[in-house]
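>>> Everything below, folded, please.
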Amino acid sequence: MATITEIRFAHEDGALADTLRDLPDLDVTVVREASTEPQRNRYFLALDHDGPEEVQAVLERDHTVREVTPMPEFEDRNLWGIEFAPETKLLGPRVTGEGGFVVDARSSAPGSGLRGWHERWLLPDREAVHAIWQFARDEGFELEVLDLRKQGSVDTTYPAADALTDEQRTALLAAYEQGYFAEPRETSLQELADSLDHSPSAVAGRLKRGMKALIGGSLVVDPPER
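Modelled structure (predicted):
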């Protein structure tokens, strides 16, 4: 039976390895996109960071990136077209090769070891999961399976939460727990930022974008045309 696998992985030659290491405040989300080019190696990414010029400079020297193209026509989403170098280690093509597809993909939160990716895959069976796991181990990936369940048992009670990045979810939960949303407010933005070990501007941005994602995923039926 089809399975949903939630997984976290990293590789020193994995996608955006240098960029994720050098910009710990950067949140990356892979934009879902259907292509008619079967051999394409170009991905569309939403890069959430306060300094777009710094992001572009880091991307251009990232050894896993062959070509980077900013997409100013989507300025509100900060989209970039990325073509990875041939030697870049990717698991997405292996997922496709096992008859599955990537449901969503985003950068993982900073922590111990290499920073990498947090993804959910839809795969035909557990044998496919094992095959990808073995391939990843053979290729030198750091890999952790966070959840594995049959497709029919996936909890859809709160689907809007899937719109959040790990960093946005962490910031929102910390803000809630520390009373940032209380009236009167029980903690300041500076204190909240200190507890998360990030700058106030980075935390403020994550709170704003996280709330926007939650509202868009739970309250908006017909998003406004842009």
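>>> Specify the beta-bridge partners of residue 47.
Note on residue 47: beta-bridge partners residue 28, judged by DSSP bridges.
>>> wouldn't it be in contact with residue 28 here?
Yes. In this structure, residue 47 is within contact of residue 28 by CB atoms under 8 Å, at 5.6 Å. Just so you know, the C-beta spots here come from the backbone N, C-alpha and C atoms, and that holds for glycine as well.
>>> which residues make contact with stretch 132-139 from outside it?
Contact partners of stretch 132-139, identified using CB atoms under 8 Å, 6 or more residues apart in numbering, comprise 9, 11, 89, 91, 94, 95, 98, 121, 123, 143, 145.
>>> Can you give me the distance of the spatially most distant residue from the centre of the chain to residue 191?
Residue farthest from the centre of the chain, counting by CA atoms, centre = their mean, is residue 184 at 33.4 Å. Counting by CB to CB, to the nearest Å, the gap from residue 184 to residue 191 is 14 Å.
>>> So residue 82: helix, strand or coil?
Here residue 82 is recorded as strand under DSSP: H, G, I helix; E, B strand; the rest coil.
>>> That one reaches residue 67, doesn't it?
Yes. The criterion here is CB under 8 Å, and residue 82 meets it with residue 67 at 7.5 Å.
>>> Residue 54 - nearest residue in space that isn't next to it in sequence?
residue 23 (7.3 Å; CB to CB, 6 or more residues apart in numbering).
>>> quick one, phi psi at that neighbour?
phi -120, psi 80 (degrees, to the nearest 10).
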